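Participant: Generate coordinates for the sequence data below:
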Amino acid sequence: MNANEAPENVRLIGGEMLLWSDMSNMGGIADWRGAALELIRRLVPASGRVLLVGPHPQGLVDEVVARASSAAVLLRSYPDACALGERHPGLAVFCGRLEVFAAEEPYDLVLALDGLLRTHSAEAPAAAWSESLGALAGLMAPGGRLVLGVRNDLGVDRFLEARPADREGSDDQWAPHGFDPTYPSGPAALDRGLESAGLSVGRCYAAYPVRQAPRALLSREALAADLPDALTFPLSARGGDRMLVADPLRLTRLVFRHRLGEELAPLWLAVATRPPHDDGVELPLGLVEEGTALYELTHDGARRLPDGEERQIPAGRVVEEILVEACAREDVKTVRELLKELAEWLEAGGDVSAATDSLVYDGERFAAINPLAGPSSPPVPRVVLCRILWRFAVRLLAAGHHHPWPWPLEADQLTLTLCGMADRPCDQGDLDCARKLDAELGCAGEEHVPTYRDLLGARDRLADQLTAALARISRLETKLSYRERELVRAKAKLRRSQRKASAYRKTLGYRLSRRLARPRKVARRVIRLLSG
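Facilitator: Here you go, the predicted model:
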């Protein structure tokens, strides 16, 4: 493809990459969906100019083009610019480096959700992050807004992923941004960078669960409070082909529990304004996706968008976390009491799609975090309980957690044991029905995959058990060797005694005594007979 084949709405500004495509490597581009789209819908001006800088998902670009009265896009990739120009003939597409882009008029809204790393090309040395931000701020009109995405080099997903961070990149990683001293090292550094560019931060969001697929935006005001586990549970990244170091659920909850949600966020999304300020748009406190539903956080709970009623977020701890801790302490009493209450809750009409990792318990009542659609016919509560405990048993054993039951116990045997502890005995038939219910709910195949940290923990526990077993074997071998020596000595002593006895029987005195003893024995017998 050459420049003569470009659509009429595509303009080359210099520094364009003719044979490179950012969209061909979508694995490195954040897949913004419901939460980001809702934020952008509120920010797009009714009659203003909007500029998208860098590659963005097609759905987001389509939304902006549909809502904005005037929109433009700046890309460095010539093939991507041509494809976008053909997709949207009325869209102004500029192709080249950010540093050489000179806008005819400033923009009321600038969107750079992919950040600034893909705004320069290989045709020139990469500009520093602060320089790119300054160039971006120069495109904004007074009172205009900037939505900027910034990846966190120390995000919680970095601690979860076993693969090196540079493995996710491709040919676009010519100069790792970690060598850029102006790149933000934290929320405070991000604020200083925006202020140095002449912008003021309106609101900074922490994006979760991973930088590749953000599904929740939490503001600093929301993170300053104690977020319930029912809210932070969906913010942990699970599944996929990721090589995990630790359990995402446990580590993410610890991040929020210690109020490090902003510092360790995988991605920051800053909304900044160029003075003078315009207070016409009220930014949300937080946006969270749960499946196909989108919720807006409020000071008292959450409200489903677009017109849902506000509801409180259930309090309490995740049931699986309570059970794992009790098993680690070998606190069988706590396990038994909690399972009995869980069985009673199910019999009283509890959620049939619940699981120990999607239930919270506040000490009095249970609440489902993400209720699923139930089966067509309601199952027996005993089968529902058996399914819940079977899933817990699989995750407990796969993760290698310590528990008070015999180590070689299989998941099915452990499930029946747990059902008995809940005073709801189950048999193999109930277990088969529980598996069918799990498949009907669409949860089959979601068994817990052990992480590296789990495997190392299990290895250490097995090594300790092996060491203890070897020590006992050594003690038993020592005792056995001592017993064998004692037995050899006893046999030798017996043989000596037998030889002495044999030699004594051959002596003259022994033979005479035996012969002389016989008449006396006969006389004693006669006397006993006569005395009757």
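Participant: Going along the chain, name the strands of the stretch 151-300 of the chain.
Facilitator: With DSSP state E, counting those that start in this stretch applied, the stretch 151-300 of the chain shows strands at 200-208, 216-219, 267-273, 286-290, 293-297, listed in chain order.
Participant: who does the helix or strand following the last one pair up with?
Facilitator: Scanning forward in sequence from strand 293-297, with DSSP states H and E defining helices and strands, the next element found is strand 302-304. Taking DSSP bridges as the criterion, strand 302-304 sits next to strand 293-297 (antiparallel), strand 310-311 (antiparallel) in its sheet.
Participant: so where do the helices sit in the stretch 201-350 of the chain?
Facilitator: 220-223, 229-232, 248-257, 319-328, 332-347 (DSSP state H, counting those that start in this stretch).
Participant: if you compare those, which one is most tucked away?
Facilitator: helix 229-232 (a mean of 23; mean count of other C-beta atoms under 10 Å). C-betas here are computed from N, CA, C, even on glycine.
Participant: tell me which strands and helices that one is in contact with?
Facilitator: helix 248-257 (3 or more C-beta pairs under 8 Å, 6 or more residues apart in numbering; DSSP states H and E).
Participant: related to what we said a few turns ago, mean pLDDT lowest where, among the strands paired with strand 302-304?
Facilitator: Among the strands paired with strand 302-304, strand 310-311 carries the lowest mean pLDDT, a mean of 84.
Participant: what sits up against that one?
Facilitator: Applying C-beta atoms under 8 Å, 6 or more residues apart in numbering, the contact partners of strand 310-311 are 298, 300-304.
Participant: Name only those of these that count as buried.
Facilitator: Buried subset of the contacts of strand 310-311 (neighbour count, 16 or more other C-beta atoms under 10 Å): 298, 302-303.
Participant: Which stretches in the stretch 351-500 of the chain count as strands?
Facilitator: So, for the stretch 351-500 of the chain - with DSSP E, counting those that start in this stretch - the strands run 359-361, 366-368.
Participant: Any regions of the stretch 51-200 of the chain where pLDDT drops low?
Facilitator: 163-178 (pLDDT under 70).
Participant: Helices of that one, start to end?
Facilitator: Using DSSP H, counting those that start in this stretch, helices in the stretch 51-200 of the chain cover 58-67, 78-87, 129-137, 156-160, 187-196.
Participant: Switch the ones you listed over to CSV; also include distance to Ala246 and mean neighbour count.
Facilitator: Below are these laid out as CSV (distance: least, C-beta to C-beta, whole Å; neighbours: other C-beta atoms under 10 Å):
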stretch, distance to Ala246, mean neighbour count
helix 58-67, 32, 16
helix 78-87, 37, 20
helix 129-137, 30, 21
helix 156-160, 6, 21
helix 187-196, 24, 17
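Participant: how about those, which one is nearest Pro181?
Facilitator: helix 129-137 (9.0 Å; C-beta to C-beta).
Participant: tell me how far stretch 146-154 is from the chain's mean position?
Facilitator: When distances are taken as C-alpha atoms, centre = their mean, to the nearest Å, stretch 146-154 is centred 21 Å away from the chain's centroid.
Participant: Check stretch 299-316 too.
Facilitator: 24 Å.
Participant: what does stretch 37-47 give?
Facilitator: 31 Å.
Participant: Also stretch 414-426?
Facilitator: Using C-alpha atoms, centre = their mean, the offset of stretch 414-426 from its chain centre is 29 Å.
Participant: Which positions within that stretch qualify as buried?
Facilitator: 414-416, 418-419, 421-422, 424, 426.
Participant: circling back: out of the contacts of strand 310-311, which is nearest to Pro142?
Facilitator: Thr298 (31.8 Å).
Participant: residues touching that closest one, list them.
Facilitator: 285, 310.
Participant: what's the spacing between it and Pro378?
Facilitator: Applying C-beta to C-beta, to the nearest Å, the value for Thr298 to Pro378 is 33 Å.
Participant: Ok, Gly85 next?
Facilitator: Taken as C-beta to C-beta, the span from Gly85 to Pro378 is 55 Å.
Participant: Just the CA coordinates for stretch 435-443, please, in PDB.
Facilitator: Provided in PDB are the C-alpha atoms of stretch 435-443 (Å, rounded to 0.1, in the frame of the first residue of the first chain):
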ATOM      1  CA  ARG A 435     -21.800 -32.100  38.900                       C
ATOM      2  CA  LYS A 436     -24.700 -32.000  36.400                       C
ATOM      3  CA  LEU A 437     -26.000 -28.900  38.200                       C
ATOM      4  CA  ASP A 438     -22.600 -27.300  37.900                       C
ATOM      5  CA  ALA A 439     -22.500 -27.900  34.200                       C
ATOM      6  CA  GLU A 440     -26.100 -26.600  33.800                       C
ATOM      7  CA  LEU A 441     -25.200 -23.400  35.600                       C
ATOM      8  CA  GLY A 442     -22.300 -22.900  33.100                       C
ATOM      9  CA  CYS A 443     -19.600 -23.200  35.700                       C
END
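Participant: List the buried residues of that stretch.
Facilitator: So for stretch 435-443, counting by 16+ other C-beta under 10 Å, buried means 435, 437-438, 440-441, 443.
Participant: picking up where we left off before, save the strands of the stretch 151-300 of the chain as TSV, and put in mean neighbour count too.
Facilitator: Formatted as TSV, those follow (neighbours: other C-beta atoms under 10 Å):
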stretch	mean neighbour count
strand 200-208	23
strand 216-219	25
strand 267-273	23
strand 286-290	21
strand 293-297	20
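Participant: Nearest to Gly457 among those strands would be which one?
Facilitator: strand 200-208 (25.6 Å).
Participant: Now do the same contact list for the spatially closest residue to Arg118 that is not a sequence neighbour.
Facilitator: Spatial nearest neighbour of Arg118, excluding adjacent residues (C-beta to C-beta, 6 or more residues apart in numbering): Gly54 at 5.0 Å. By C-beta under 8 Å, 6+ apart, Gly54 lies in contact with 22, 74-76, 112-116, 118-119.
Participant: Let me see the contact set for Arg118.
Facilitator: 22, 54-55, 76, 172.
Participant: Now rank these by neighbours and give me the top one.
Facilitator: Arg76 (27 neighbours; other C-beta atoms under 10 Å).
Participant: Can you pull the phi/psi pair for that one?
Facilitator: Phi and psi for Arg76, reported as degrees, to the nearest 10, are phi -90, psi -20.
Participant: Nearest residue to it in space, please, no chain neighbours.
Facilitator: Nearest non-adjacent residue to Arg76 (C-beta to C-beta, 6+ apart): Ser121, at 4.9 Å.
Participant: hmm, back to that, what's the lowest-pLDDT member of the buried residues of stretch 435-443?
Facilitator: Cys443 (64).
Participant: Could you report the separation of the residue nearest to Ala302 when sequence neighbours are not counted from Arg33?
Facilitator: In space, and not counting its chain neighbours, Ala302 is closest to Tyr295: 4.3 Å by C-beta to C-beta, 6+ apart. Using C-beta to C-beta, one gets 14 Å for the distance from Tyr295 to Arg33.
Participant: Overlap of the contact sets of those two?
Facilitator: What both Tyr295 and Arg33 touch, as defined by C-beta under 8 Å, 6+ apart, is the set Glu289.
Participant: between the strands of the stretch 351-500 of the chain, which gets nearest to Ala503?
Facilitator: Nearest of the strands of the stretch 351-500 of the chain (C-beta to C-beta): strand 359-361, 84.9 Å.
Participant: Thank you kindly, that will do.
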